[in-house]
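Asks: need a structure here:
(chains A, B, C and D)
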Number of protein chains: 2
Amino acid sequence: MAARQDRRSWRDVLEEIRNRVLTGRYGPGDKLPRDEDIAAELGCARSTVQRAMRDLADRGVVERRRKGGTRVRPDPVTRAVFDIPVARNEVESRGGSYGYQLIRAAIEETPPPVAAALDMRAPLPMLHVEALHLMNSRPFLYEDRWVLTRTVPEIETVDLGVVSANEWLLANKPYSRCDLRFSAETAGDRVAAIMGLEGGEALFVIERTTWSGDDPITTVKAVYAPGYHLRAEI
Amino acid sequence: MAARQDRRSWRDVLEEIRNRVLTGRYGPGDKLPRDEDIAAELGCARSTVQRAMRDLADRGVVERRRKGGTRVRPDPVTRAVFDIPVARNEVESRGGSYGYQLIRAAIEETPPPVAAALDMRAPLPMLHVEALHLMNSRPFLYEDRWVLTRTVPEIETVDLGVVSANEWLLANKPYSRCDLRFSAETAGDRVAAIMGLEGGEALFVIERTTWSGDDPITTVKAVYAPGYHLRAEI
DNA sequence: TAGTGGTCTAGACCACCTT
DNA sequence: AGGTGGTCTAGACCACTAC
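Replies: Predicted structure coming up:
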């Protein structure tokens, strides 16, 4: 006799529902039956359906609302999860040796674009840090950072020639909100000079802005050396 | 008298554990108590701790293994979720009018780089499609795609001048695996000519490769017009 | 092989939000 | 105001894997 599955796992439920979406039995925007009815139909507990549905909602396949029910998301998206590692770990996980150079650290008034990124109304004194992260003694990542000293006064006592602002902040000032932006940028003269490029190369850029509650912490532009790419698998 | 919380929710548990990680009470690599002990300590059911811990594991804060227990992830990462929309939806959600142009569609043998991306051993006949997606009649996204017709023979009967290969595939050939790669690339002569650029601009590129089980479906390079960026919030 | 996390259940109550 | 998803519980059993 063939193997038989006695109980339905939440993965089974997930697969079943996903197939119904993919085959069009539940079309974009359609309302699905209540969890309880699906549970009865598939022969499992409601919480098992819940588990599957939550996963489908997390993946962007369906939308769920109390009283409103569960609907197939009308606009299909590819939802990808990326891990953005700390430069040191990224370099070392590739088998390279990590190096770090502080280029500059100084107190300056918030420039308007930085104020905009951090939702700041008025300019304040900020720590402006430029640094270079190296892989095998070659430029890997250039970091241009602004830190609001009012939120993180302790950072003024840190020797940023030894510890990178990124690692110090991660260890000492947890954030509650983070905005991320990926883009491509042409290497300008200054960045080219710092990274040892000719200028004009296409560079991968990650901008990250963080807050602790409503208090702005820092905004940083991370410019990666040519050829860098970020991967994900779904 | 101050407000008091009678029951602990899984979010409370999550916050509590996260704080312990952030304040160093549980340091990187440390082993946490068993779920059952944490449940007893915090006064809730084990399944509530489970719920919180699964979330922390999903966010990359801790790692969990049966019998091995729960440990704080030794390497901190910023884990970001991105939704990569279909070009049409992206254009329309920005309030633009969407347009589509097929540039070329032809059967060709798999070139070596495409074979490598798709894990193919030997070259096979493939459909090579080039297309342009427009926002307000201006180039928004250039798409260079290879489709394995052995996996998706029906696509040869589709009029790709009317429906984009992307939309057709999403609706008709679900994938089970997807590789994604983000990078920056300099506009070459051909892309510049197609997108109406001068050449040399830095362009944001998403490469996506999909499989159905072990069968390769398609690999596509999506080249966005200058100034494009992808956002996420955590 | 024993300890830990993973899953399932049945039931209860709650919170949100559409109707 | 009522229906739907969200959460919590207590208990049971399972699956993986470190020891």
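
Asks: for the closest residue to DNA strand C within chain A, which non-adjacent residue is spatially closest?
Replies: With Cβ to the nearest atom of the strand as the measure, A:S9 is the residue of chain A nearest to DNA strand C, at 2.5 Å. Quick note: C-beta positions are derived from backbone N, CA and C, even for glycine. In space, not counting the residues next to it along the chain, A:S9 is nearest to A:T48; the distance is 7.4 Å by Cβ to Cβ, 6 or more residues apart in numbering or on different chains.

Asks: near DNA strand D, which residues of chain A are found?
Replies: Within chain A, the positions adjacent to DNA strand D are A:32, A:34-36, A:46-47, A:50, A:53-54, A:57, A:64-70 by Cβ under 7 Å from any atom of the strand.

Asks: inside strands: which ones of those residues?
Replies: Using DSSP state E, the subset of the residues of chain A next to DNA strand D located in strands is A:R64, A:R65, A:G69, A:T70.

Asks: make a ChimeraX selection of the buried ones in these.
Replies: A single ChimeraX command is used to select the members of these judged buried by 16 or more other Cβ atoms under 10 Å in any protein chain shown:
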select /A:70
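
Asks: report the entries of the ones in strands among the residues of chain A next to DNA strand D that also contact DNA strand C.
Replies: Restricting those to contacts with DNA strand C (Cβ under 7 Å from any atom of the strand) yields A:R65.

Asks: okay if I get the ones in strands among the residues of chain A next to DNA strand D as TSV plus pLDDT and distance to chain B?
Replies: Putting these into TSV (pLDDT from 0 to 100; distance: Cβ to the nearest Cβ, whole Å) gives the following:
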residue	pLDDT	distance to chain B
A:R64	96	17
A:R65	95	19
A:G69	94	22
A:T70	96	19
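
Asks: of the ones in strands among the residues of chain A next to DNA strand D, closest to B:R20?
Replies: Sorting these by how near they are to B:R20, with Cβ to Cβ, puts A:R64 at the top with 30.9 Å.

Asks: so who does that closest one touch?
Replies: Residues near A:R64 by Cβ atoms under 8 Å, 6 or more residues apart in numbering or on different chains: A:M53, A:R54, A:A57, A:T70, A:R71.

Asks: out of those residues, which is nearest to chain B?
Replies: Each of those was scored against chain B by Cβ to the nearest Cβ, and A:R54 proved nearest at 10.1 Å.

Asks: which strands or helices does the host helix or strand of A:A192 pack on?
Replies: Secondary-structure assignment from DSSP states H and E places A:A192 in helix A:189-195. Counting contacts by 3 or more Cβ pairs under 8 Å, 6 or more residues apart in numbering or on different chains; DSSP states H and E, helix A:189-195 packs against strand A:125-135, strand A:138-148.

Asks: state the pLDDT value of A:S212.
Replies: The model reports A:S212 with a pLDDT of 87.

Asks: who does it bridge with?
Replies: Beta-bridge partners of A:S212, counted by DSSP bridges, are A:D215.

Asks: measure it to chain B for me?
Replies: Relative to chain B, A:S212 is positioned 11 Å away (criterion: Cβ to the nearest Cβ, to the nearest Å).

Asks: go ahead and confirm that residue touches A:L169.
Replies: No. Contact between A:S212 and A:L169 fails when scored by Cβ atoms under 8 Å: they sit 10.3 Å apart.

Asks: and the two? which has more neighbours close in?
Replies: Set side by side, A:S212 and A:L169 show more neighbours around A:L169, with 21 against 16, by other Cβ atoms under 10 Å in any protein chain shown.

Asks: show the model's pLDDT score for that one.
Replies: According to the predicted model, the pLDDT of A:L169 comes to 92.

Asks: any stretches of chain A with poor pLDDT?
Replies: A:1-8 (pLDDT under 70).

Asks: might you enumerate the residues of it proximal to DNA strand C?
Replies: Residues of chain A found near DNA strand C (Cβ under 7 Å from any atom of the strand) are A:7-12, A:43-48, A:51, A:65-68.

Asks: if we go to 10 Å?
Replies: Applying the criterion Cβ under 10 Å from any atom of the strand, the portion of chain A that neighbours DNA strand C consists of A:5-14, A:31, A:35-36, A:39-40, A:42-52, A:55, A:64-69.

Asks: in helices, which of these appear?
Replies: When DSSP state H defines the helices, the subset of the residues of chain A next to DNA strand C inside them is A:10-14, A:35-36, A:39-40, A:42, A:46-52, A:55.

Asks: now chain A against DNA strand D: closest residue?
Replies: Of all residues in chain A, A:K67 sits closest to DNA strand D, with a separation of 2.8 Å (Cβ to the nearest atom of the strand).

Asks: what is the neighbour count of that residue?
Replies: Under the criterion other Cβ under 10 Å, the count of neighbours that A:K67 has is 4.

Asks: could you chop chain A up by domain?
Replies: Described in terms of automatic domain parsing, the domain architecture of chain A consists of the residue ranges A:10-72, A:87-224.

Asks: deepest in the core, which of these is it.
Replies: For the domains of chain A, the largest average neighbour count (mean count of other Cβ atoms under 10 Å in any protein chain shown) is found in domain A:87-224, namely a mean of 17.

Asks: who touches A:I107 in this structure?
Replies: Neighbour list for A:I107: A:P125, A:M126, A:L127, A:H128, A:T149 [criterion: Cβ under 8 Å, 6+ apart].

Asks: chain center to the strand or helix carrying it: distance?
Replies: A:I107 belongs to strand A:98-109 when elements are defined using DSSP H and E. Relative to the mean C-alpha coordinate of its chain, strand A:98-109 is positioned 24 Å out (Cα atoms, centre = their mean, to the nearest Å).

Asks: is the helix or strand just after it anywhere near chain B?
Replies: In the C-terminal direction, the helix or strand that comes right after strand A:98-109 (DSSP H and E) is helix A:112-117. No. For a cut-off given as Cβ under 8 Å from any Cβ of the partner chain, helix A:112-117 has no contacts with chain B; the smallest distance is 12.1 Å.

Asks: got it, and stretch A:155-165?
Replies: No. Looking at stretch A:155-165 against chain B by Cβ under 8 Å from any Cβ, there are no contacts, and the closest approach is 12.9 Å.

Asks: endpoints of that stretch, how far apart?
Replies: 8 Å (Cα to Cα, to the nearest Å).
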